[in-house]
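Q: fold the following, please.
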Amino acid sequence: MRTVNVVPVVYDEEGNKAYLGRKVESIHHVPYGIGADLTLQFDSFGNEIIELVGQEGVIDVSNYDELPDKARRKEDEGLDNNMNTLIKYEKLKNVKKSSQGSPKVYIAYNLEVKQGEYWKWH
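A: Coordinates of the predicted model:
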């Protein structure tokens, strides 16, 4: 059995921290992880196989240090709805959608993949 925990977190410039894919007030948002455009497997040699669904279909990102452009999502209605809810309920402040995107955004990926019996390394 595989377990994948994907925990996307957004911080605003005031230091507020908000989790994506979770319940906000009474509104539920789609979680991230297996079954949500992500596949994690191991080949017969124990190598990681990580696939994402991007604009062009399923993309193997196993050997990338950075997310390739072809795997990036151009638009995501679920993410937009989630962000709007976080802003509405003031979990994030001074955040506005822009056609310019977020040129000064900092994205940190903390990826840790472990294989084996969960109880031995948890």
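
Q: need the single longest helix in this protein, by residues.
A: As assigned by DSSP state H, the longest helix anywhere in the chain is helix 77-88.

Q: any buried residues in that one, and which?
A: Buried residues in helix 77-88, counted by 16 or more other CB atoms under 10 Å: 79, 82-83, 85-87. C-betas here are computed from N, CA, C, even on glycine.

Q: okay if I get those as JSON lines plus distance to residue 63?
A: Formatted as JSON lines, those follow (distance: CB to CB, whole Å):
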{"residue": "79", "distance to residue 63": "26"}
{"residue": "82", "distance to residue 63": "30"}
{"residue": "83", "distance to residue 63": "31"}
{"residue": "85", "distance to residue 63": "35"}
{"residue": "86", "distance to residue 63": "33"}
{"residue": "87", "distance to residue 63": "36"}
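
Q: which two in the residues you listed are spaced the farthest apart?
A: By the measure CB to CB, 79 and 87 form the most distant pair in the buried residues of helix 77-88, at 12.5 Å.

Q: ok now the top strand by length along the chain, how far from the chain's centre?
A: Across the chain, the longest stretch assigned as strand under DSSP state E is strand 48-54. Distance of strand 48-54 from the chain centroid (CA atoms, centre = their mean, to the nearest Å) equals 12 Å.

Q: tell me which strands it pairs with, and in which orientation.
A: Using DSSP bridges, the strands paired with strand 48-54 are strand 38-42 (antiparallel), strand 57-60 (antiparallel).

Q: what is the mean pLDDT for the first one?
A: I take that to be strand 38-42. Averaging pLDDT along strand 38-42 yields 80.

Q: could you export it as PDB, CA atoms only?
A: The C-alpha trace of strand 38-42 is given here as PDB (Å, rounded to 0.1, in the frame of the first residue of the first chain):
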ATOM      1  CA  LEU A  38      -0.400  12.600  -9.100                       C
ATOM      2  CA  THR A  39       0.900   9.100  -9.400                       C
ATOM      3  CA  LEU A  40       3.800   7.700  -7.300                       C
ATOM      4  CA  GLN A  41       5.200   4.300  -8.000                       C
ATOM      5  CA  PHE A  42       8.500   2.400  -7.700                       C
END
